[in-house]
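Novice: okay, here's the prediction I keep looking at, along with the sequence it came from:
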Amino acid sequence: MKICKAENLFYLVNDQVALIMEEKEGRLFLRHFGGPIASYHHANAMHEMDHAFSPNPRSEDRTFSMDTQRQVLGQVGRGDFRKPSIRINHTNNQVTDFRYVDYQVLDGVPQVVGLPSPHAKEGQAQTLKLQLKDTVLDLYLNLYYTLYEGSATLTCFQEVVNQTGETIELATCLSAMLDLPAGAYDVISFQGAYGREKRFQRQALKQGYFEIGSSRGASGHGQTPAIILADRLTQDDAGQAYALQIMYSGNFQAFAQCNQLEEVRLGIGIHPDLLHWRLASGESFSSPVALMTYTFQGLNALSQASQTFILDHIMPPAYSQQLRPILINNWEATYFDFNFDKLTQIVDKAQEVGIELFVLDDGWFGDRQDDQRALGDWVVNESKLGGPLSRLIDYVHDRGMKFGLWIEPEMISQESDLYRQHPDWVIQVPGRSHTYARSQLVLDYANPEVVAYFKELFGDLLSRYAIDYIKWDMNRNITDVGNGTSLSDTLMQPHRHLLGVYDLMAYLTQTFPHVLFESCAGGGGRNDLGVMRYFPQVWVSDNTDAIERLAIQHGHTYLYPTIAMGAHVSAVPNHQMNRTTPLKTRGDVAMTGNLGYELDLCQLSNEELGQVAQQVAFYKTIRPIIQRGQRTRLLDPEHFPNDWACQFSYQDQLIVFYGRVLSTLEKSELTLKLKNLDPHAFYQEQSSGKIYSGAELIYAGLTMVVPRGDFQTSLQHFKKIQ
Ligand code: GLA
């Protein structure tokens with residue numbers, strides 16, 4: 001791994017990836033981002049020619065235009081007509097011309113103050129800092145690029161430093177921008193809605209823009225802050241692809257722009273329409289951190305590079321390999337209707353079947369009989385629980401299980417004591433009525449008083465009670481932004497609010513490192529890398545239907561690790577879809593994530609309970625393979641919409657999951673070619689005892705047989721034998 005400057009070229013290169021930039025008259029050009037190149041000689045130089053209507057900085061040289069070059073940064077007003085990566089409202093215009101001044105190579109990963117940043121062990125990462133200055137104004141721009149040992153992912157961010165003596169306004173400050181050569185590309189994104197999160201979407205990129213984004217104050221159910229650009233022929237096992245992602249949980253934009261030369265600019269960052277950041281002289285502003293990943297070995301390799309990077313450099317280190325407890329959550333079992341006896345009956349049954357963690361969901365505090373009230377009143381409802389919370393916690397702990405609790409720190413109900421005391425703590429426009437969602441309002445975490453209050457309150461809760469796990473929910477998006485003392489103050493509120501939320505997340509996770517935090521936002525409404533820096537697990541969807549989960553879990557694991565994904569077996573007919581699937585199918589699908597249960601175990605027959613006990617026992621034997629193993633897709637749902645398959649490999653073991661949605665007639669069973677096996681070894685399937693050679697599993701494939709009928713799955717466990 002090396003970062004160096006050779007003549008005018010800056011190299012960041014390891015054994016996976018290279019980023020090569022060139023400085024010419026202070027302008028920075030991107031020469032290459034992709035496979036590892038240690039010695040570059042302009043083989044891919046752009047043919048310089050006079051392009052009509054592409055303005056030139058020098059009148060005597062019509063072959064050079066900012067519009068046609070592959071840039072390191074996109075600026076406004078000097079002839080580059082593509083989307084900018086930096087746009088600053090200053091004096092009476094937006095024109096900037098940042099030129100290179102100096103560089104530094106720093107050890108490690110720079111930490112962005114107040115925002116989630118990656119981490120690395122000593123000696124694992126190095127950073128190139130490029131310092132630029134505007135040709136006219138005392139305005140500085142620092143670009144940071146961090147390279148990690150053995151990783152196909154680099155990270156970057158930019159920092160603006162204002163020394164102009166005047167206040168300026170940042171209108172665009174992307175986290176990453178990549179100019180890539182002309183080609184036939186597809187763009188991949190993850191779209192959806194509540195209960196239908198992270199749907200894989202692949203489409204051709206034509207001249208024009210493809211854009212995704214969120215203006216919800218959260219990354220949202222319908223979008224994921226990530227964009228993939230793949231060669232049109234790239235498939236799971238071959239071809240090149242680039243991914244940009246950001247570590248940010250608020251308003252964002254990601255785009256692919258194909259210009260008139262059919263070259264592509266990719267960008268990702270805080271949504272420019274919603275960024276109006278006032279920067280006084282002497283102040284600086286840093287964008288969130290972005291990830292840039294490259295592969296030439298197909299989309300499975302891209303997924304694995306991203307997952308590995310997240311495990312090694314984003315997730316709290318203590319959790320990235322820590323096996324997750326099998327949980328039972330009472331939400332779909334009882335909703336708000338529970339008491340001590342009901343909960344302890346569930347706990348007893350859970351203990352009987354081998355479940356390891358009991359989670360008490362919404363409804364344990366204040367007057368929270370339904371979702372219309374009491375958010376903010378975080379006082380244990382002892383009359384509902386028939387005694388102190390510690391009695392229930394002791395009951396659970398006495399049975400050898402862990403105890404978890406649901407909270408929703410960012411929200412407040414109008415019908416609450418907290419609102420009656422502090423109506424001014426809500427995000428609102430004074431004089432206008434509120435906009436409600438799930439009857440609740442959003443607390444203003446841009447207000448330091450609010451952050452301090454909840455640090456103390458939840459700090460006290462976690463100190464006082466022996467809580468092992470927290471489910472941190474967030475059940476609405478932000479409206480009525482209006483708390484600032486001036487318009488420019490108000491326009492800074494969404495980012496400031498998020499900084500306050502991150503402050504609380506950082507404080508609680510650092511103060512209580514033994515607590516496993518799971519993030520939730522009505523399921524996957526904030527399933528992003530900003531949150532994953534603090535919370536190692538996420539409830540990826542409120543939709544617990546096994547069939548819907550196939551697509552949701554496929555989308556989650558496309559870029560994020562399996563170990564970060566909660567997956568529960570729930571009752572049938574399913575509460576969201578009204579669909580009835582076999583218990584085996586529900587178990588198999590949930591076992592391809594962090595297995596949990598979310599149903600009233602007391603309603604199950606003895607036979608069903610026996611089946612649950614078997615699932616739990618089986619999962620315990622395969623848990624390291626699923627949670628620590630490498631997940632590889634075996635089928636592409638674009639071409640096989642009725643079938644889903646993936647495998648997990650870990651050390652000498654392998655799990656193969658297959659699911660068929662609807663029954664088919666007079667059609668041959670699918671034969672799946674397994675991956676990442678040793679062709680010279682033999683593998684034994686554990687339930688049948690059958691032995692196969694690695695070579696036949698790779699080259700001939702394994703035939704998938706499931707019972708007749710709809711919604712059938714199989715989960716096979718192989719061990720390598722000598
Ligand atoms: C959200 C969550 C659910 C549950 C409820 C409780 O909808 O996604 O899992 O916790 O809140 O109100």
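Specialist: Received the coordinates, thanks.
Novice: which bits of the protein sit near the ligand?
Specialist: Residues of the chain found near the ligand (CB under 6 Å from any ligand atom) are 331, 361-362, 371, 406, 473, 475, 520, 522-523, 539, 542. Glycine gets a C-beta too; all of them are placed from N, C-alpha and C.
Novice: in a markdown table: those residues, plus pLDDT.
Specialist: Listed next are the residues of the chain next to the ligand as a markdown table, based on pLDDT from 0 to 100:
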| residue | pLDDT |
| --- | --- |
| 331 | 98 |
| 361 | 98 |
| 362 | 98 |
| 371 | 98 |
| 406 | 99 |
| 473 | 98 |
| 475 | 98 |
| 520 | 98 |
| 522 | 98 |
| 523 | 98 |
| 539 | 98 |
| 542 | 98 |
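Novice: between those residues, which is nearest the ligand?
Specialist: residue 362 (3.5 Å; CB to the nearest ligand atom).
Novice: what's the neighbour count on that closest one?
Specialist: Residue 362 is flanked by 20 other residues according to other CB atoms under 10 Å.
Novice: that one contacts residue 330, correct?
Specialist: No: counting by CB atoms under 8 Å, residue 362 stays clear of residue 330, with 9.3 Å between them.
Novice: look up the closest residue to the spatially most central residue of the chain, ignoring the ones flanking it.
Specialist: Of all residues in the chain, the one closest to the mean position by CA atoms, centre = their mean is residue 528, 2.6 Å from it. Distances taken as CB to CB, 6 or more residues apart in numbering place residue 219 nearest to residue 528, at 4.3 Å, with adjacent residues excluded.
Novice: so when I look at the one you found, I'm seeing a helix, right?
Specialist: No: applying DSSP: H, G, I helix; E, B strand; the rest coil, one finds residue 219 to be coil, outside a helix.
Novice: pLDDT wise, what is it at?
Specialist: According to the prediction, residue 219 has pLDDT 97.
Novice: which ones are touching it?
Specialist: 225, 248-250, 252, 525-528, 530 (CB atoms under 8 Å, 6 or more residues apart in numbering).
Novice: so who does the residue in the stretch 151-300 of the chain positioned nearest to the ligand touch?
Specialist: Scanning the stretch 151-300 of the chain for the residue nearest the ligand gives residue 194, at 9.0 Å (criterion: CB to the nearest ligand atom). Shown in contact with residue 194 (CB under 8 Å, 6+ apart): 221, 522-523, 525, 542.
Novice: roughly how far does residue 4 sit from the ligand?
Specialist: 49 Å (CB to the nearest ligand atom, to the nearest Å).
Novice: would you agree that residue falls within a strand?
Specialist: Yes: membership of residue 4 in a strand is supported by three-state DSSP.
Novice: so what pLDDT did the nearest residue to residue 98 once chain neighbours are set aside get?
Specialist: Setting aside the residues directly before and after it, residue 98 is nearest to residue 132 in space (CB to CB, 6+ apart), at 4.0 Å. Looking at residue 132, its pLDDT reads 98.
Novice: again with residue 136
Specialist: Per the predicted model, pLDDT is 97 at residue 136.
Novice: using the three-state scheme, assign it.
Specialist: Residue 136 - assigned by three-state DSSP - is coil.
Novice: from residue 271, how far out is residue 279?
Specialist: 18 Å (CB to CB, to the nearest Å).
Novice: which one's more surrounded, these two?
Specialist: residue 279 (21 against 18).
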